[in-house]
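Trainee: Prediction below, plus the sequence it came from.
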Amino acid sequence: MDYSEFNTCETCFVHNDIFRKITKDEIDILSYIKNCNNYDKGDIIYSEGSRISGVYCLNSGIVKHYKTGNDGKEQIIRFSKAGEIFGYRSVLSNEAACTTAKVVEESSVCFIPASHFLNLINNNSGFALSVIKLSCKELGDANQYILDIAQKNVRERLAEILLLLYENFGENKDGDLNIFLTREELAGLVGTATESVIRLLSEFKKDGLIELNKRKIKIIDLKKLKHISQNY
């Protein structure tokens, strides 16, 4: 895959509002300072507990962020898609990474040194406010996830996760979700055993809510999935 066409800041600006707040001069400096790298599926960008020396912007592809439990299983926290930044909270707090960032689909990732990212925040109030809003949104999503784990059963959570994947990644030309996850990854998102996800996906298929083709999932009945997820 040729990534050269993706490695422009303007590509990310289309997908992420925070970069629309920086000036033309700041764009030029950012384009000069950043480093871009290509990653294959399965590559680790950084690991939980490591020190991060900058902020990452996903130019193309998909990256998952997860914590590893005492049993060695992954608990997926979220996914990043094109145009989104990650690693910034560790830079702002000067703390080690609280999750591992792993490539799900081959990706082009740009790296912005911490010093430059912090300079942008210090010198551009609009950019700083956008970063604060992004941080608040992610905190709100995390709080909602904790609430769902506490109050919803596995069937309801699976329906909600499928809806979130549909909302965030959309469909490809064949109508399948535009992200292909293993059953283990899906279970990690839902917060349950892989066997439970496999069983419930079969039930959803039998009920005409989805279609399955190996790792591909096609949403057939959004209305019923919303009803199951209690997302009226």
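Mentor: Yes, it's here. Numbers count the residues shown, from 1 in each chain.
Trainee: make it CA atoms for all contacts and neighbour counts henceforth
Mentor: Will do.
Trainee: Report the residue ranges of every domain in this protein.
Mentor: Domain assignment for the chain by automatic domain parsing gives 9-133, 152-229.
Trainee: Which secondary structure state is assigned to Leu186?
Mentor: Three-state call for Leu186 (DSSP: H, G, I helix; E, B strand; the rest coil): helix.
Trainee: May I have the residues that are in contact with the most centrally placed residue in the chain?
Mentor: Geometric centre of the chain, nearest residue: Phe79, 1.8 Å, by CA atoms, centre = their mean. Residues counted as contacts of Phe79 (CA atoms under 8 Å, 6 or more residues apart in numbering) are Ile62, Val63, Lys64, His65.
Trainee: Backbone dihedrals for it, please?
Mentor: Phi and psi for Phe79, reported as degrees, to the nearest 10, are phi -120, psi 150.
Trainee: Chain neighbours aside, what residue packs nearest to it?
Mentor: Lys64 (4.4 Å; CA to CA, 6 or more residues apart in numbering).
Trainee: so Glu138 sits in a strand?
Mentor: No. Using three-state DSSP, the assignment for Glu138 is helix, not a strand.
Trainee: Compute the number of surrounding residues for it.
Mentor: Number of residues near Glu138 (other CA atoms under 10 Å) recorded here: 12.
Trainee: Tell me the spacing between it and Asn38.
Mentor: 26 Å (CA to CA, to the nearest Å).
Trainee: and what of Lys67?
Mentor: 23 Å.
Trainee: swap in Ile210?
Mentor: 33 Å.
Trainee: Could you do Thr68 as well?
Mentor: Distance of Thr68 to Asn38, given as CA to CA: 25 Å.
Trainee: Buried residues of stretch 47-54, list them for me.
Mentor: Of the residues in stretch 47-54, Ser47, Arg51, Ile52, Ser53, Gly54 count as buried by neighbour count, 16 or more other CA atoms under 10 Å.
Trainee: And for stretch 97-104?
Mentor: Buried, per 16+ other CA under 10 Å, within stretch 97-104: Ala97, Cys98, Thr99, Thr100, Ala101, Lys102, Val103, Val104.
Trainee: Provide the contact partners of that stretch at residue level.
Mentor: 39-52, 61-67, 87, 90.
Trainee: which of those residues count as buried?
Mentor: Members of the contacts of stretch 97-104 classed as buried by 16+ other CA under 10 Å are 39, 43, 46-47, 51-52, 61-67, 87, 90.
Trainee: quick check, nearest of these to Ile18?
Mentor: Gly87 (14.9 Å; CA to CA).
Trainee: Now that closest one: closest residue in space that isn't a chain neighbour?
Mentor: Val55 (5.2 Å).
Trainee: my guess is that neighbour contacts Glu84, does it?
Mentor: No. In this structure, Val55 is not within contact of Glu84 by CA atoms under 8 Å, at 10.6 Å.
Trainee: higher neighbour count, these two?
Mentor: Using other CA under 10 Å as the criterion, Val55 and Glu84 rank with Val55 on top: 23 against 20.
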